[in-house]
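Participant: Structure for the following, please:
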Amino acid sequence: MAWARYWEWERAVKIELPRIIADTDLRILHQPIFWLGSGVPVARGFEALSRFPIHPRIPVGLWFRTARDMGIGCELELAAVRAALMPLERVSGKAFLSVNASLETVPRLIEIIPNTLASPLTIDLPYGALNDPRGGELFEVLRDRGASIAIDDVPIEDLHVLRPSLLELQPDCIKVDVLTGLANDPMARFNLADGLAWCRGAGIRLVAERVDRLDDLAVLYDLGLEWAQGYCLSRPVLL
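Facilitator: Okay, the predicted model is just below:
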């Protein structure tokens, strides 16, 4: 039954994608990114998240995966970034806006980044960008355009093996996924504490994402991690 639903969803996505891209028919929600350093969470950034108007039960990842399979992945990513940039004037100039893109989209992405930005812009690139031979050149292209670079969805257990790539490419930020939980996982806590100490020495911001449980948030405070996002702090909002 689950497979039948998957194929039904995929067929619907293939039908709707060309129109959605042509019309930039995307709804963008913004998940606040909080600074925890003062003891009270303060929203200092927002990550733009795409929502599709048709078949809302279909997982967002399926839309982007199907677009890549159809050879229009870059077009969908660019449509999502265009939609995310529209409310930029409503974001406080002190807060940054974070948008997601693949490394393949970067050469075209820089063409739609405004020459002057109302707020700092961060490009969230996938974890695999650290191992892509084009990474160094494309990172510089983004920096020349005034954007910061974040590496998204980094597994906590991989923080230590990434250090050579991180030192070479020098992203501004890495984001680790704590969805699996920290409160009951001593090894994850150790890896996160070790990675946090290393990132501070390297001048790289470490953000915990998908922080959905209060006990995990308490662990972040205990470790001294200063940046986090997740449902226990705030669900995505409409700016």
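Participant: so where's the chain uncertain?
Facilitator: 1-4, 55-56, 88-93, 117-118 (pLDDT under 70).
Participant: where along it do the helices fall?
Facilitator: Here the chain has its helices, by DSSP state H, at 2-23, 60-69, 73-85, 106-109, 135-144, 163-169, 186-202, 214-223.
Participant: so Leu76 touches Trp63, yeah?
Facilitator: Yes. Because the distance of 7.0 Å satisfies CB atoms under 8 Å, Leu76 is recorded as touching Trp63. In short, each C-beta sits where N, CA and C put it, glycine included.
Participant: Now do the shared contacts for these two.
Facilitator: Taking CB atoms under 8 Å, 6 or more residues apart in numbering as the criterion, Leu76 and Trp63 both touch Leu17.
Participant: residue nearest the centroid of this protein?
Facilitator: What sits nearest the mean C-alpha location of the chain, by CA atoms, centre = their mean, is Asp124, with 4.6 Å.
Participant: quick one: that residue from Gly181, how far?
Facilitator: 23 Å (CB to CB, to the nearest Å).
Participant: can you check Glu226 too?
Facilitator: 20 Å.
Participant: So for these two, which sits in the more crowded spot?
Facilitator: Ranked by neighbour count (other CB atoms under 10 Å), Glu226 and Gly181 place Glu226 first, with 18 against 13.
Participant: excluding its backbone neighbours, what's nearest that one?
Facilitator: Spatial nearest neighbour of Glu226, excluding adjacent residues (CB to CB, 6 or more residues apart in numbering): Gly37 at 4.4 Å.
Participant: got it, and Met187?
Facilitator: Among residues not flanking Met187 along the chain, Glu157 sits closest, at 7.6 Å (CB to CB, 6+ apart).
Participant: Pretty sure that neighbour sits against Phe190.
Facilitator: No. At 10.1 Å, Glu157 does not count as touching Phe190 under the criterion of CB under 8 Å.
Participant: tally of neighbours for Glu111?
Facilitator: The number of residues packed near Glu111 is 8, by other CB under 10 Å.
Participant: What's the separation between it and Leu217?
Facilitator: Noted for Glu111: a distance of 39 Å to Leu217, by CB to CB.
Participant: Which one, of the helices of the chain, ends up nearest to Ala208?
Facilitator: Judged by CB to CB, the one of those that comes nearest to Ala208 is helix 214-223, at 5.6 Å.
Participant: List the buried residues for the closest one?
Facilitator: By neighbour count on 16 or more other CB atoms under 10 Å, the buried set for helix 214-223 is Asp216, Leu217, Val219, Leu220, Leu223.
Participant: and if you look at stretch 184-193?
Facilitator: Under the neighbour-count criterion of 16+ other CB under 10 Å, stretch 184-193 has Asp185, Ala188, Arg189, Asn191, Leu192, Ala193 buried.
Participant: Enumerate every residue touching the residue lying closest to the third one once chain neighbours are set aside.
Facilitator: In this case it means Arg189. Excluding the flanking residues, the one nearest Arg189 by CB to CB, 6+ apart is Leu182, at 5.4 Å. When contacts are counted by CB under 8 Å, 6+ apart, Leu182 touches Ala188, Arg189, Leu192, Asp215, Asp216, Val219, Leu220.
Participant: my guess is the fourth one meets Ala183, correct?
Facilitator: Yes. Contact between Asp215 and Ala183 holds when scored by CB under 8 Å: they sit 4.0 Å apart.
Participant: Could you check how far Leu17 is from Ile54?
Facilitator: Counting by CB to CB, the gap from Leu17 to Ile54 is 10 Å.
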